[in-house]
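> prediction below, plus the sequence it came from.
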Amino acid sequence: MESLGLETTENKMEEPLIYTSKGNLPIASLEYRHGWFESDSEISFVEEYWMGDEMVKRSVHTKLKKGLDTALEQAIMG
Amino acid sequence: MANTQAVCTSFKVEILNGHHAFGTAVTRGATTKDDFKAALYLSSATVNASTTAYSATGEVTGTGYSAGGIAVTNATAPTSSGTTAYWTPSASLTYSTVTIGPTDAVLIYNSTQTNKAVAVYTFSAQTVTAGTLTLTMPTNDASNALLRIA
């Protein structure tokens, strides 16, 4: 049977896409950047996807090292 | 103004009045634990020890973020070690596919008890674009748990 010259659905599904501020884009067309930040209270991992000079996706993953404490104190009677 | 990390003062009074149930061993009318939520605030907001309840003032807005924040997963009952009682949510706080910020604070509040505030936690200011903000909880022990009463 003669080809209709159309792209098949199977070919489209093989190209990994990622959701960005500009909709779904091929991952291969984006630049991936990442970095770490650590302080006394947290450690954070940041990952970004850039399309040229524009950042189109940014995710942040922060681990809180420690919570908060509150002390219940008591006085001495008398 | 700025956000300040603190256990809300009103919460300290309320736990003495039995307003908050992180576990199921309650003795008031309802024997089920309360539901808690986590709302994010802009770096320009003012949430701190004086915060008494959830408010939309200063809360982040943006694609994918619902006002009021997300539910806190509470599958681990409060417990104690030594002289310290403590509790930590049993899962990370994950805000998926959002475009928000800058945010540097999360308010944990009791959505069952008229949105009464529990505590404010701050972190380095972040902007999220079509992405995920994940706040992973500290180790749930007497030294590091998210909420500790010594």
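Yes, it's here.

> give me the element the residue nearest the centre of chain B is part of.
By Cα atoms, centre = their mean, chain B has its centre lying nearest to B:I108, at 1.6 Å. Following DSSP states H and E, one finds B:I108 within strand B:93-110.

> can you pull the buried residues of that strand?
Neighbour counts over strand B:93-110 (16 or more other Cβ atoms under 10 Å in any protein chain shown) mark B:93, B:95, B:98-101, B:103-110 as buried. (Each C-beta comes from the backbone N, C-alpha and C, glycine too.)

> stretch B:137-146 too?
B:137-138, B:140, B:142, B:144-146.

> do any residues in that stretch lie close to chain A?
Yes - Stretch B:137-146 lies within reach of chain A by Cβ under 8 Å from any Cβ of the partner chain, at B:137-138, B:143-146.

> which one of those is nearest to B:I70?
B:M137 (13.5 Å; Cβ to Cβ).

> closest to B:S81 among the buried residues of strand B:93-110?
Using Cβ to Cβ, those come closest to B:S81 at B:I108, 21.2 Å.

> quick one: contacts for the closest one?
B:I108 makes contacts with B:36-38, B:72, B:117-121, B:146-147, as judged by Cβ atoms under 8 Å, 6 or more residues apart in numbering or on different chains.

> packing partners for the worst-scoring helix or strand of chain B on mean pLDDT?
When each helix and strand of chain B is scored by mean pLDDT, DSSP states H and E, helix B:9-16 comes last, with a mean of 79. Contacts defined by 3 or more Cβ pairs under 8 Å, 6 or more residues apart in numbering or on different chains; DSSP states H and E place helix B:9-16 against strand B:116-136.

> which SSE is immediately downstream of the strand it packs on?
Immediately after strand B:116-136, counting by DSSP H and E, sits strand B:147-149.

> hmm, who's touching that following strand?
Here strand B:147-149 has contacts from A:67-72, B:7, B:15, B:84-88, B:108, B:118-119, B:142, using Cβ under 8 Å, 6+ apart.

> next secondary structure after the one helix or strand A:R33 maps to?
In this assignment (DSSP H and E), A:R33 forms part of strand A:31-38. Downstream of strand A:31-38, the first helix or strand assigned by DSSP H and E is strand A:42-51.

> now the angle from that next one to strand B:116-136?
60 degrees (axes from the mean of the first three to the mean of the last three Cα atoms, to 10 degrees).

> distance between strand A:42-51 and the chain's centre?
6 Å (Cα atoms, centre = their mean, to the nearest Å).

> returning to that earlier point: would you reformat the contacts of B:I108 as a markdown table and include distance to A:E48?
Shown next, in a markdown table, are the contacts of B:I108 (distance: Cβ to Cβ, whole Å):
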| residue | distance to A:E48 |
| --- | --- |
| B:F36 | 31 |
| B:K37 | 28 |
| B:A38 | 24 |
| B:V72 | 28 |
| B:A117 | 33 |
| B:V118 | 32 |
| B:A119 | 30 |
| B:V120 | 28 |
| B:Y121 | 24 |
| B:L146 | 28 |
| B:L147 | 32 |
